[in-house]
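1. Provide a 3D model corresponding to the input given below.
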Amino acid sequence: DLGESLTSVHAARLQGLNAAETKSWEDILAAAEKVIESVDQTELLAWLGTKADTRENASEVKKDMEKRKGQLIEALVAKGDALLKIGGENATALNEVYSSILKYCDSSDSKVVSFVVDYLMHNNLNAKALKLVVKQVEEKHTKELDTQAVDLLKKLGWKHAASLMESSLPAKFPNDYQPF
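-> Down below sits the predicted model:
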């Protein structure tokens, strides 16, 4: 099917632009738009709403739809990131991207959580962003996530929690280890 192959081509272009050292956010935005336009979202949502697919080629359809869903989510995240980086008056477009992402996956999904946190911080919903960061920390503990949590705690005015967490960072993530 031509539409499916075009989606794959546009998705590959988008991945290449995202992987580049210096990112051109306008190009990423344009490529993400092409991927989003090439996916039939009505058909995808209808398939996602199907309880049991009894067609003979159900496994092929499932594989194809999961692939399209992944490409669409990746494109929506890229579009959202590009809109946030470009800035300007694009609140409506950002809200549309956010609501579209929530149609296809949970906000704490590993593919979308970084965009969702940035989106929430952009809209000064720091407590919601902190909730997602804490959930990420529980799954995979990194220094970057702890630092992001400290920044969000400071934005919320929770200086006591921020200072406690900040003072524990050197113990959790030492720069070097003492030799035995």
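2. Name the nearest residue to Ala82, ignoring sequence neighbours.
-> Excluding the flanking residues, the one nearest Ala82 by Cβ to Cβ, 6 or more residues apart in numbering is Leu29, at 4.0 Å. (C-beta placed from N, C-alpha, C; glycine too.)
3. Look up the pLDDT of Asp176 for me, please.
-> Per-residue pLDDT puts Asp176 at 74.
4. SS state for the residue nearest to Ala82?
-> helix (DSSP: H, G, I helix; E, B strand; the rest coil).
5. Pull the number of nearby residues for it.
-> Here the number of neighbours of Leu29 (other Cβ atoms under 10 Å) works out to 21.
6. do the same with Pro174
-> 9.
7. For the residue nearest to Ala82, give me its contacts.
-> 78-79, 82-83, 86 (Cβ atoms under 8 Å, 6 or more residues apart in numbering).
8. In the protein, where is pLDDT below threshold?
-> 1-5, 177-180 (pLDDT under 70).
9. In this protein, which residue is most central in space?
-> By Cα atoms, centre = their mean, the mean C-alpha position of the chain lies nearest to Val112, the distance being 2.0 Å.
10. Could you verify my assumption that that residue touches Ile101?
-> Yes: using Cβ atoms under 8 Å, Val112 makes contact with Ile101 at a distance of 5.3 Å.
11. Mind listing the shared neighbours of the two?
-> Once Cβ under 8 Å, 6+ apart is applied, the residues that Val112 and Ile101 both contact turn out to be 73, 76-77.
12. for the chain, what spans make up the helices?
-> Taking DSSP state H to define them, one finds helices in the chain at 2-19, 25-38, 41-48, 58-86, 91-104, 113-122, 126-139, 143-156, 159-172.
13. Against which helices or strands is the fourth one packed?
-> In other words, helix 58-86. Helix 58-86 is packed against helix 2-19, helix 25-38, helix 41-48, helix 91-104, helix 113-122, with contacts defined by 3 or more Cβ pairs under 8 Å, 6 or more residues apart in numbering; DSSP states H and E.
14. got the angle between that helix and helix 2-19?
-> 40 degrees (axes from the mean of the first three to the mean of the last three Cα atoms, to 10 degrees).
15. which of the residues in helix 58-86 are buried?
-> Across helix 58-86, burial judged by 16 or more other Cβ atoms under 10 Å covers 65, 68-69, 71-84.
16. Report the angle between it and helix 41-48.
-> Using the same axes, to 10 degrees: helix 58-86 against helix 41-48 is 130 degrees.
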